[in-house]
Every structure is written in structure tokens, then in C-alpha cells.
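Asks: Got a predicted structure here, sequence first:
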Amino acid sequence: MKRINLAVIFGGRSGEHEVSLSSARGVMKNLDKEKYNVIPIAITKGGNWLIGEKAGAYMKMNEDKIGKEGAISLDESQKLVSIKDTDRNFFNYAEGELKEKIALVFPILHGPYGEDGRLQGMLDMLGVPYVFSGVLAHAIGMNKPKAKIIAAKSGVPVAKDLVLAKGEKYNPDEIIEKLSLPLMVKPSELGSSVGISLAKIKEELKEGIEDAFSHGDEVILEQYIKGREFTVTVMGNGNPKALAITEIIPLISEFYDYKAKYEEGGSKHVCPAEIPKEDEEKLKSYAVATFKSIGCRDLARIDFLWSEKTNEYYFTDINTIPGMTPTSLAPEAAALAGMNFTEFLDKLIEGAMKRVRK
């Protein structure tokens, strides 16, 4: 059987660069090498593309920094780049040797420039097919306020929020009056809990807003929901299905922040979640409705909070390219459905290849 030339693109210019390397390492290690000729492509923090052996060298060079927020500096990320910034143009942004025609791209970039539709738009222009959702779904999914609007339109409950734009004057007292304390402060377009904080007092609110704006031009302030956190992986096209629900229990933080997500022992995952059958059905229906209304395909992971006050589940976020290490939430749910990591990746690739053959 002829192997599929599969390009795995990772890294990128977002604050989730190191997380992307962790996901890509997990994917490339577990892909069936008898089915796929894997072509690694690393995008540096400066936006240069390193192809093939150069991408492998980039991964190896940063082995001790993988998964650690901000561990790779811009200068370190550019060490293998031979093209000077002053000489870089549209035709020489990539380095390395591409010996085969790419049949399919498996993009493993988290956050802006990779999970927000920009990379997917470029691939569409080039006529190169890829795994996961298209431009619009990624763009909507990356913008938390807009994703919430669409989820709410499909009948899924969402928490009250307020959106601030950079440079816009705001009154902390008015914010507190509308949403009350404590409240969540988040960059509108970033994942992996980067830049997210829980504000319990007015001073923390101001500090949280300032920090969130350091990650982007828009900030969303959300009503804090005290209760339990759940995530649902949805998989498929046409008639997508929700896999087992996972409850996330932070062990070292008050909420599922970056440390709880990526530090060893930072959180506990209970899969399947211990909730009543009727709650399971409701939560899965909310997840599938969100997946379909945003226009996702292949795979997405949808996050919810359960309120002990209202006994309701509230949509908080969607991950259109979820974490893909062997211990990440989506592969965990797939394992419970009878798919090991390699089989899980096969299924995603098969779904994408069906679109190519149409």
C-alpha cells in the first residue's frame, strides 16, 4: 500500500507555541508509519517555516522546553533560520527540503495564526487539504465572545459576559455591578488558559484586564460560575457524535489554568464523568449542537461549567484543534470509545481524506 504523504505542521507565532510542540510530538510518535510518510514542518515564533529534517532538528533542540509556557524565546526559536529578516520575502519564508508532494496536512497549531482560520485559508488557496475544521469554524471558535453568541443561538446556555476592546475606557465598578465578583478575565482569542485569571477583588480585576490585553486586542469578562468543569469531545462529519464526557478537577489551582493543564499532577480527569444519565444526554446534546452550529468538522472539544446554584450547564469555550498528546482530553475520550491513539489519528485522517476523494 502506498503511504500517504502527511505534513504535520506545528509551532507557530502564538503564545501556545510550546503546547503545539507537545501535541505534535505526541501525534508524530503515534502515527502509523506503514500508512503515512510523515513530513514535519515547524513554524518558528518569528514566522519562518522549517521543513523536513530542519523541523526535526527544531523539535529536538527544544525537547526540554516542550509544553512549558514561554520557555522558548524569539531568539532561540530563530536559531535554525538562515534567512535574515531583512532578506525575507513572500518566496523565501520556508527553509528545508520537501521531496514529496503533500497529500494532506495535519495542523497541530494552537491559538492565533494556526487555530483561527489563517493557516487554513492559506492551505485552501494553495489547494492543499487538511484535517479539522475549515476557515470560518476556526475563526469563530477562536473568538470566545462570537462562539458564545452562536452557541446561545442554538439553544445552549452561556454565562453573562462583557467584552472590552484595547484602548477602550472602562469603569471597574460598573463591571462589578453588572457581573459581580468574583469573575473570570480572559483574552478573547487565545487557548490553553493563557492570560486567564480569576478576579476576586477590584484590584485583581484591573490587573487581570491589563494582563489579558498583553495577549490580544480584546478581553472577555465572564460571570464566575461555581461548580464543576466538564469537557465533551465531538467527532465526525455530517452526523457527529459526542464521545464520553470528562470531568476536569484542578488539583493545584482554583480553576483549570495553564499550570493545572500542563504540570504533572495539576489536575485529575474523570472519564466517563460521574453524572446522572439525563445530564449526560443533555450535555452531549449541547456539545453536538455547538459543534454543528459553529460548522466544525472532524473533531472539536467543547468545554462547559455546571453551576451548583442553577443546576445548569454553561458553554464556555470550544477547541477546534484540541490538545493531542497521548494524555490529552480528546485522546482519553477516544480511548474509552475503543480507539487507541494511533487508531484515533487514523480515523481523523480517514475523515479528511474522504473530503479529498469527493
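Replies: Looks like it came in fine.
Asks: any idea how far residue 21 is from residue 3?
Replies: As judged by CB to CB, to the nearest Å, residue 21 and residue 3 stand 24 Å apart. C-beta: built from backbone N, CA, C; applies to glycine.
Asks: Reduced to three states, what does the residue lying closest to residue 24 once chain neighbours are set aside come out as?
Replies: Leaving out its chain neighbours, the residue that sits closest to residue 24 by CB to CB, 6 or more residues apart in numbering is residue 10, at 3.4 Å. Under DSSP: H, G, I helix; E, B strand; the rest coil, residue 10 falls in the strand class.
Asks: tally of neighbours for residue 10?
Replies: Using other CB atoms under 10 Å, residue 10 has 28 other residues around it.
Asks: Could you do the one 3 residues further on as well?
Replies: The criterion is other CB under 10 Å. On that basis, residue 13 has 20 neighbouring residues.
Asks: residue contacts, the nearest residue to it once chain neighbours are set aside?
Replies: Take residue 13 and drop its neighbours on the chain: the residue closest to it by CB to CB, 6+ apart is residue 113, 4.7 Å away. Residues near residue 113 by CB atoms under 8 Å, 6 or more residues apart in numbering: 12, 13, 14, 43, 47, 119.
Asks: which residues in this structure form helices?
Replies: Secondary structure of the chain by DSSP state H: the helices cover 17-30, 53-61, 74-77, 118-126, 135-142, 144-153, 172-179, 202-213, 258-262, 277-294, 329-336, 341-357.
Asks: Can you lay out those as TSV showing distance to residue 106?
Replies: Converted to TSV, these look like this (distance: least, CB to CB, whole Å):
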stretch	distance to residue 106
helix 17-30	7
helix 53-61	13
helix 74-77	21
helix 118-126	11
helix 135-142	15
helix 144-153	23
helix 172-179	39
helix 202-213	31
helix 258-262	21
helix 277-294	20
helix 329-336	14
helix 341-357	7
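Asks: thinking again about what came up before, neighbour count for residue 21 and residue 3, which is higher?
Replies: Of the pair residue 21 and residue 3, residue 21 is the one with more neighbours under other CB under 10 Å, namely 25 against 14.
Asks: Quick check: the more buried one vs residue 55, distance?
Replies: In terms of CB to CB, residue 21 sits 11 Å off from residue 55.
Asks: How is the chain partitioned into domains?
Replies: Domain assignment for the chain, taken from automatic domain parsing, gives 4-130, 141-157+226-357, 161-223.
Asks: Which residue is the nearest non-sequential neighbour of residue 308?
Replies: Nearest-residue entry for residue 308: residue 227, 4.4 Å, with adjacent residues in sequence omitted and distances by CB to CB, 6+ apart.
Asks: repeat for residue 184
Replies: Distances taken as CB to CB, 6+ apart place residue 222 nearest to residue 184, at 4.4 Å, with adjacent residues excluded.
Asks: so what's that neighbour bridging to?
Replies: residue 161, residue 184 (DSSP bridges).
Asks: So for stretch 309-316, first residue to last residue, what's the gap.
Replies: 17 Å (CA to CA, to the nearest Å).
Asks: what separates it from the chain centre, distance-wise?
Replies: Distance, stretch centre to chain centre, for stretch 309-316: 22 Å (CA atoms, centre = their mean, to the nearest Å).
Asks: Buried ones in that stretch, by neighbour count?
Replies: For stretch 309-316, burial by neighbour count (16 or more other CB atoms under 10 Å) applies to 313, 314, 315, 316.
Asks: okay, the second one: pLDDT?
Replies: The predicted structure scores residue 314 at 97 on the pLDDT scale.
Asks: I'd say it and residue 302 touch.
Replies: No - here residue 314 does not reach residue 302: they are 11.4 Å apart, not a contact under CB atoms under 8 Å.
Asks: The helices of the chain: lowest mean pLDDT?
Replies: Here the helices of the chain differ in mean pLDDT, and the lowest is helix 258-262 at a mean of 59.
Asks: okay, now the closest residue to residue 94 other than its chain neighbours: neighbour count?
Replies: Spatial nearest neighbour of residue 94, excluding adjacent residues (CB to CB, 6+ apart): residue 49 at 3.9 Å. With neighbours defined by other CB under 10 Å, the count for residue 49 comes to 18.
Asks: again, but for residue 318
Replies: Counted with other CB under 10 Å, residue 318 comes out at 27.
Asks: before we move on, the earlier item: which neighbours do residue 21 and residue 55 share?
Replies: Contact criterion CB under 8 Å, 6+ apart; residues shared by residue 21 and residue 55: residue 10.
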